[in-house]
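K.L.:
Sequence and predicted structure are below.
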Amino acid sequence: MKGKRFKPEQISKILKEFEAGKSVQEITREHGVSPASFYKWRQRYGGLDGSELKRVKELEEENRKLKRMYAELALDLEAAREVIAKKL
């Protein structure tokens with residue numbers, strides 16, 4: 001089951017609530033997020049505001065796409081090398 005996706009602004013708001021003094025239990029119950037996700041966000045995005053967090057998420061997405069493209073090109077190159085090796 002795929003979980004709920006939170007926007008960077010929402011994550012930033014949730015982390016600021018914690019910094020303001022709310023307990024983790026209250027935050028997780030109120031926003032419907034697991035404590036593990038909250039702590040992961042806190043570790044990864046702690047100290048960032050909404051716009052910085054949005055930029056980080058965009059860069060992570062771009063990096064994921066580039067890694068996929070690299071993997072596909074590496075497979076194509078390997079297949080081409082095998083075809084050339086068989087012809088020789």
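P.N.:
All right, it came through fine.
K.L.:
tell me which residues in the helix ranked longest in the chain are buried?
P.N.:
Looking across the chain with DSSP state H, the single longest helix is helix 50-87. By 16 or more other C-beta atoms under 10 Å, the buried positions in helix 50-87 come out as Leu53, Lys54. Glycine gets a C-beta too; all of them are placed from N, C-alpha and C.
K.L.:
Which strands or helices does it pack on?
P.N.:
Applying 3 or more C-beta pairs under 8 Å, 6 or more residues apart in numbering; DSSP states H and E, one finds that helix 50-87 contacts helix 8-19.
K.L.:
What's the mean pLDDT across the helix it packs on?
P.N.:
Here helix 8-19 scores 88 as its mean pLDDT.
K.L.:
Can you point out the buried residues in it?
P.N.:
Judged by neighbour count using 16+ other C-beta under 10 Å, the buried positions of helix 8-19 are Pro8, Ile11, Ser12, Ile14, Leu15, Phe18.
K.L.:
In a markdown table: those, plus distance to Asp49.
P.N.:
Output for the buried residues of helix 8-19, formatted as a markdown table (distance: C-beta to C-beta, whole Å):
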| residue | distance to Asp49 |
| --- | --- |
| Pro8 | 9 |
| Ile11 | 11 |
| Ser12 | 6 |
| Ile14 | 13 |
| Leu15 | 10 |
| Phe18 | 14 |
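K.L.:
coming back round to it: please compute how far the longest helix of the chain lies from its chain's middle.
P.N.:
17 Å (C-alpha atoms, centre = their mean, to the nearest Å).
K.L.:
got it, and stretch 25-45?
P.N.:
Stretch 25-45 sits 15 Å away from the centroid of its parent chain (C-alpha atoms, centre = their mean).
K.L.:
Give the buried residues for it.
P.N.:
Buried positions in stretch 25-45, judged by neighbour count with 16+ other C-beta under 10 Å: Ile27, Thr28, His31, Val33, Ser37, Phe38, Trp41, Arg42, Tyr45.
K.L.:
Residues touching that stretch, excluding its own?
P.N.:
3-4, 6, 10-12, 14-15, 17-18, 24, 53, 56 (C-beta atoms under 8 Å, 6 or more residues apart in numbering).
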